[in-house]
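Any chance you could fold what I've pasted below:
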Amino acid sequence: MLKKQTVWLLTMLSLMIVLSVYYMTSPDSEDLAYIDDGKDNTNEDAVPTDSEANGDAEVEEISNVGQDELFTTIRMELQDKRNMEKERLTDVVASSSASAAEKDEALQEIDALEDLASKEKILEETIVASANYEDVLVRSDDDSVTVQVKVEENLPKSEAVSIIQMVKDELGDKKVNVSYLPSEVPTEKDK
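This is a model prediction of the structure:
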């Protein structure tokens, strides 16, 4: 019990430090909260998985609000969510009331979570290196993968198809959504 509390405390302290540094260094104290820019981004299928077969790929542009911190914030939220899930599974393993099958299943789920996080990290590094992108965020769910790429200009369809193939090679046959985030926020005089 003490070990879990220590891990939880260290996680929260780390989160506080990261957020403190972010808020101290952020320009004009931008909000990372949802900002309604009037655009309806309901199209989750930015690049269809069958785009490899027919060469047609659609690339969706993400709103560029708070873009420098957006990927960091999403990564932290995802890590926190997975840490809570690992903690729940660790409780099952440590439980005296859980059966051997339940404990084994919990251990397998912990291994799967760690393996998934490792593969996402490898994919991010591979995709960044493949075309010198500024940053890449890969998030995988049970049946789909979302890839967000920070680039200076539009993401060409051929690069989106290449990213889809890299994801499928690493994570298997899942639905892949690719979107991009422009590097620079346009100012009022640029509009």
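
CA atoms for contacts and neighbours, from now on please.
Will do.

Just the pLDDT for the residue nearest to the spatial centre of the chain.
Centroid-nearest residue in the chain, with C-alpha atoms, centre = their mean: residue 139, separated by 3.6 Å. For residue 139, the pLDDT comes out at 92.

The closest residue to it other than its chain neighbours bridge partners, please.
Once flanking residues are discounted, residue 139 sits nearest to residue 146: 5.2 Å by C-alpha to C-alpha, 6 or more residues apart in numbering. In this entry, residue 146 is beta-bridged to residue 139, residue 177, by DSSP bridges.

in terms of contact, does residue 146 touch residue 176 like I think?
Yes: at 5.9 Å, residue 146 and residue 176 qualify as touching, with contact defined as C-alpha atoms under 8 Å.

Neighbour count for those two, which is higher?
Neighbour totals were compared for residue 146 and residue 176, and residue 176 leads with 25 against 20 (other C-alpha atoms under 10 Å).

Go ahead and confirm that one touches residue 147.
Yes: with contact defined as C-alpha under 8 Å, residue 176 counts as touching residue 147 (7.4 Å).

Go through stretch 157-175 and flag the buried ones.
The neighbour-count check on stretch 157-175 (16 or more other C-alpha atoms under 10 Å) flags 157, 159, 160, 161, 163, 164, 165, 167, 168, 171, 174, 175 as buried.

Of all pairs in those residues, which one spans the longest distance?
157 and 171 (20.8 Å; C-alpha to C-alpha).

tell me the mean pLDDT over the helix or strand encompassing residue 17?
Taking DSSP states H and E as the criterion, the element that holds residue 17 is helix 2-25. Taken as a whole, helix 2-25 has a mean pLDDT of 77.

elements contacting that helix?
On a contact count with 3 or more C-alpha pairs under 8 Å, 6 or more residues apart in numbering; DSSP states H and E, helix 2-25 meets helix 67-94.

Give the buried residues for the helix it packs on.
For helix 67-94, the neighbour count (16+ other C-alpha under 10 Å) marks 67, 71, 73, 82, 83, 86, 87, 89, 90, 91, 92, 93 as buried.

Could you pull up the contacting residues of the fourth one?
By C-alpha atoms under 8 Å, 6 or more residues apart in numbering, the contact list for residue 82 reads residue 113.

Kindly recompute the last result at 6 Å.
By C-alpha atoms under 6 Å, 6 or more residues apart in numbering, the contact set of residue 82 is empty.

So for it, what pLDDT did the model give?
Looking at residue 82, the pLDDT reads 91.

how near is it to residue 112?
Relative to residue 112, residue 82 is positioned 11 Å away (C-alpha to C-alpha, to the nearest Å).

what does the last one give?
Summarising the geometry, the distance separating residue 93 from residue 112, computed by C-alpha to C-alpha, is 15 Å.

got it, and the second one?
Taking C-alpha to C-alpha as the measure, residue 71 and residue 112 are separated by 23 Å.

Kindly report the same for the fifth one.
Residue 83 is 13 Å from residue 112, where distance means C-alpha to C-alpha.
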